[in-house]
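Colleague: 3D model of this:
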Amino acid sequence: MPDLTEKIGFIGGGNMAKAICEGIVTKGLVSYQQVYVSGPHLEHLSWWKEKDCHVYQNNSTVVKEADVIFICVKPHIFQCAVDQIYSEFPTSDSRQPSKLYLSVMAGISLNQLKSTLNNIQGDRIVRIMPNTPMTVGEGCSLFSPGHLAFENDVKLVNKLLSATGTCKQVPENLLNAAGALTASGPAFIYMAIEALADGAVKMGVPRDLASALAAQMTLGAAKMARDSGKHTGQLKDEVCSPGGTTIQGVHALEKGGMRAAFIDAIECASKRAEQLGQK
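Modeller: Model (predicted):
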């Protein structure tokens, strides 16, 4: 039996919503039959239907049925999505029983969320920043609760996100920058893994082997960085023998501006989140 009795809703059924759903179902927190999802095009929700989730074209049904509602739409269509929900409620039914709303939208502040969700009883709000590795139980998620969220809401969010990896509560003013690292960061690491594999292929290693080795090497290095208690600079130095192969490669990366490129990537992603909120 699932650990939780709450019905879980998703407004928007894209990749991030799928990652969250798959992660919490795999960990036994809920079943697919407890999940309600909506999207404008039913043909794009086939993955959910195959999992035996409840699939709808209108967002209002998800709001009516679910207890916890993940808002997984693009920031620029958030207002339209909420307007559509409100327009479909009868006047006497417009303010539903209080629901917990979890927003994964980059840049949209708690104040903006409260203002937009006010007409559909959107007082209990938490901003969350999950990432796609939660699908395989190695997520790195962040959250910032609104001041009207209950203590039990915070505990529930922590339980949902912690089940699929690590989870940290952070002040909202850090969420854009920290989210740029955790939520956008996997894409940057995938690029690094692909590039390292390309280098091995250039030197004659078969593609399948190179890709598998690059992924496993990254996994091992990440665990060393997380669990060894050593600074990453020390770990790097321990691999670099004087006059050896690794220090030559490190020199090449420094010449190529690798550090600056990664720093710039986080800065750009963080600033883009701020821009999305302003729009």
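Colleague: list the contacts for the nearest residue to V68 once chain neighbours are set aside?
Modeller: Distance criterion C-beta to C-beta, 6 or more residues apart in numbering; nearest residue to V68, sequence neighbours excluded, is L100 at 4.8 Å. Every residue, glycine included, has its C-beta placed from N, CA and C. L100 sits next to 67-69, 124-126, 149, 153, 156 when contact means C-beta atoms under 8 Å, 6 or more residues apart in numbering.
Colleague: quick one, strands of the stretch 1-150 of the chain?
Modeller: Using DSSP state E, counting those that start in this stretch, the strands assigned to the stretch 1-150 of the chain run over residues 8-11, 35-38, 54-56, 68-71, 100-103, 124-129, 139-145.
Colleague: winner for burial among those strands?
Modeller: strand 8-11 (a mean of 28; mean count of other C-beta atoms under 10 Å).
Colleague: what does it contact?
Modeller: For strand 8-11, contacts defined as C-beta under 8 Å, 6+ apart pick out 17, 20-21, 24, 30, 34-38, 59, 62-63, 65-73, 81.
Colleague: and that strand, C-alpha only, in CSV?
Modeller: Written as CSV, here are the backbone C-alpha positions of strand 8-11 (Å, rounded to 0.1, in the frame of the first residue of the first chain):
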residue,chain,number,x,y,z
ILE,A,8,-1.5,14.2,-6.3
GLY,A,9,-2.2,16.5,-9.1
PHE,A,10,-0.1,17.9,-12.0
ILE,A,11,-1.0,20.9,-14.0
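Colleague: Within the sheet, what are the partner strands of it, with directions?
Modeller: Sheet partners assigned to strand 8-11 using DSSP bridges are listed as strand 35-38 (parallel), strand 68-71 (parallel).
Colleague: avg pLDDT for it?
Modeller: Mean per-residue pLDDT for strand 8-11: 96.
Colleague: where's it relative to the chain centroid, distance-wise?
Modeller: 15 Å (C-alpha atoms, centre = their mean, to the nearest Å).
Colleague: Could you point out which residue ranges in the stretch 151-279 of the chain have low pLDDT?
Modeller: Scanning the stretch 151-279 of the chain for pLDDT under 70 picks out the ranges 279.
Colleague: all strands of it, in order?
Modeller: 165-169.
Colleague: which stretches of it form helices?
Modeller: Along the stretch 151-279 of the chain, counting by DSSP state H, counting those that start in this stretch, helices occupy 151-162, 175-182, 185-202, 207-227, 232-239, 245-255, 258-278.
Colleague: Using CSV, list the CA coordinates for the last one.
Modeller: Coordinates of the C-alpha atoms in helix 258-278 are reproduced here as CSV (Å, rounded to 0.1, in the frame of the first residue of the first chain):
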residue,chain,number,x,y,z
MET,A,258,36.4,25.3,-18.3
ARG,A,259,36.0,26.9,-14.9
ALA,A,260,34.9,30.2,-16.3
ALA,A,261,32.4,28.5,-18.6
PHE,A,262,30.7,26.6,-15.8
ILE,A,263,30.6,29.7,-13.6
ASP,A,264,29.0,31.7,-16.5
ALA,A,265,26.5,28.9,-17.1
ILE,A,266,25.2,29.1,-13.5
GLU,A,267,25.1,32.9,-13.6
CYS,A,268,23.2,32.9,-16.9
ALA,A,269,20.7,30.3,-15.7
SER,A,270,20.1,32.2,-12.4
LYS,A,271,19.6,35.6,-14.2
ARG,A,272,17.2,34.0,-16.7
ALA,A,273,15.1,32.8,-13.7
GLU,A,274,15.0,36.4,-12.5
GLN,A,275,13.9,37.6,-15.9
LEU,A,276,11.1,35.0,-16.1
GLY,A,277,9.8,36.2,-12.8
GLN,A,278,9.8,39.8,-14.0
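Colleague: Distance from the chain centre to it, please.
Modeller: 16 Å.
Colleague: which of the residues in it are buried?
Modeller: 265-266, 269-270, 273, 276-277 (16 or more other C-beta atoms under 10 Å).
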